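J.: give me coordinates for this.
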Amino acid sequence: GVPVEKPQYYSITVKKMNILTRHSDWLVKTQELYNQILEFYYNLYLDTFQDGRPGSMEALRTLEKLTIPGRDRQPVQYPLPWQKVPLYFRRAAINSAIAAASSYLSREKQKIRSTSFTESVTCYKGMYRDFEGNAITLKVWTGEKWLWNRIKLRGSTIPEEGQMMSPSIVLKKTGPELHIPWKTFVKDGRTAKERMAAGEKICAVTFTNQDALTVCCVLNSDGAKENVFFVRGGAEYAHRCRQVTDKIKKSEASGSSGSSAIPNSRYWMKLKNLNDFYSHSISRQVINYTIKQGAKMIVFPEYEKEYSRILMSKAGNFSPIHLSTAIREKIKYKAWQEGLVVVELQQHNISSTCAACGASIHKKGQNFVCKNGHQGNYYLNASWNLGLKCIRGFQPKEPRTSD
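T.: Predicted coordinates:
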């Protein structure tokens, strides 16, 4: 037979770079024009496709036929009101318009058409060239004409491998940025089921409100505990947040800020940066550990909004457990890039029974003891249980015998 081509799996991450240019006014003009064209096509789409929505390729073709003269130079029904708009600029704007119109149509409630857009300009192939990591040439509208403008970039390093997808120009209060979606192929795209069937090791991860805020337990396919890793940093994170929140309280008490949020906004920014820094660092440690142990799957307890809300209000907003939401998100996208799969399971019963024998446990501080004499770290026991639950969940079901 013909060998089956293995599908290619890939991940896309957005690299954000600062744009250094003397002509940010051109970028503003380019965005204004983009949004005027977007609005023109948005309304045309809603007026044209009143019954039934076409696919986006078909919609694009129809909208172009209505507005752009073809080779036969016949007049069109709704000529585009702007002269000489580059083809790829127009297409990007039309695609944004189609997306905006579709989202308007799928909303049940507020049926008010948008009248002004501030979408970022997406640059298709013909609108950028000569990208070199720290510079790129963009085609911009100066308000009078189209120009190729060489722009310096500063920011994240671009990976050696993979490919660049259409970048977008994002105008922020802090200055213009170029957001580049970067597509890299994933080393291993097997599903969780395929990995479990192949007897791969798993790394079960639980979150605590302690200094060791992430507890990792590696299990082999038989459910035996092979290795353990406590990722610390919870106490340090909580301490550094407390220093900042104390300053916020002080400045509010002294009324020096007139209780306005602006002088405090740098403190809030600092809290956000702490959250980013620690969640990046901890998620990276979990990923590196998993790879080093040769495990191919990461298992989390399922995230329950309600449960975590109760937990947060008890533990406080800048406690170690508060960081777990951000750590999860970062592990998820980093894992896929590294060819790991993340599975989430309900955390029902993982903390109340002994992973070694299944008997109920008695908690003593951070430790536990069960009636058969097993004892150890309470959180590690929960991680091990979570891993066992994952292994059982993937085992083939026993066929029922009929009597």
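
J.: isn't S156 right up against V14?
T.: No. Contact between S156 and V14 fails when scored by Cβ atoms under 8 Å: they sit 9.4 Å apart. Yep, even glycine has a C-beta here, placed from its N, CA and C like the rest.

J.: just the CA coordinates for the least confident helix or strand in the chain by mean pLDDT, please, in CSV.
T.: Every helix and strand of the chain was ranked by mean pLDDT, DSSP states H and E. The lowest is helix 305-315, at a mean of 73. Extracted in CSV, the C-alpha atoms of helix 305-315 (Å, rounded to 0.1, in the frame of the first residue of the first chain):
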residue,chain,number,x,y,z
LYS,A,305,-13.7,29.0,37.9
GLU,A,306,-16.0,28.8,40.9
TYR,A,307,-13.6,26.8,43.0
SER,A,308,-10.7,29.0,42.2
ARG,A,309,-12.8,32.1,43.0
ILE,A,310,-13.4,30.8,46.5
LEU,A,311,-9.8,29.8,46.8
MET,A,312,-8.5,33.2,45.7
SER,A,313,-10.8,35.1,48.1
LYS,A,314,-9.5,32.9,50.9
ALA,A,315,-5.8,33.0,49.9
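
J.: can you list contacts of it?
T.: 209, 319, 321-322, 324-325 (Cβ atoms under 8 Å, 6 or more residues apart in numbering).

J.: what helices and strands are in contact with the helix or strand just after it?
T.: Remark: after helix 305-315, the chain's next helix or strand is helix 324-337, criterion DSSP states H and E. On a contact count with 3 or more Cβ pairs under 8 Å, 6 or more residues apart in numbering; DSSP states H and E, helix 324-337 meets strand 10-20, strand 201-207, strand 212-219, helix 261-292, strand 295-301, strand 341-345.

J.: what lies in contact with the second one?
T.: If I follow you right, that is strand 201-207. 213-221, 226, 286, 289-290, 293-301, 321, 324, 327, 331, 347, 350, 379, 382-384, 386-387, 390-391.

J.: so how do I select the buried members of those residues in ChimeraX?
T.: The ChimeraX command for the buried members of the contacts of strand 201-207 (criterion: 16 or more other Cβ atoms under 10 Å) is given here:
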select :213,214,215,216,217,218,219,220,286,289,290,293,295,296,297,298,299,300,301,321,324,327,331,347,350,379,382,383,384,386,387,390,391
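
J.: which residues touch L138?
T.: Counting by Cβ under 8 Å, 6+ apart, L138 has contacts 123, 127-128, 148-149, 151, 169.

J.: surely it is in a strand?
T.: Yes. Per DSSP: H, G, I helix; E, B strand; the rest coil, L138 lies within a strand segment.

J.: tell me, what's the model's pLDDT at it?
T.: Per-residue pLDDT puts L138 at 97.

J.: now it, which residues is it bridged with?
T.: Y128, N149 (DSSP bridges).

J.: beta partners for Y10?
T.: Bridge pairing for Y10 - DSSP bridges - gives F185.

J.: got the contact list for it?
T.: 162, 183-186.

J.: and it, how close does it get to W182?
T.: 10 Å (Cβ to Cβ, to the nearest Å).

J.: shared neighbours, the two?
T.: Joint contacts of Y10 and W182 (Cβ under 8 Å, 6+ apart) are G162.

J.: any weak-confidence spans in the stretch 101-250 of the chain?
T.: 108-110 (pLDDT under 70).
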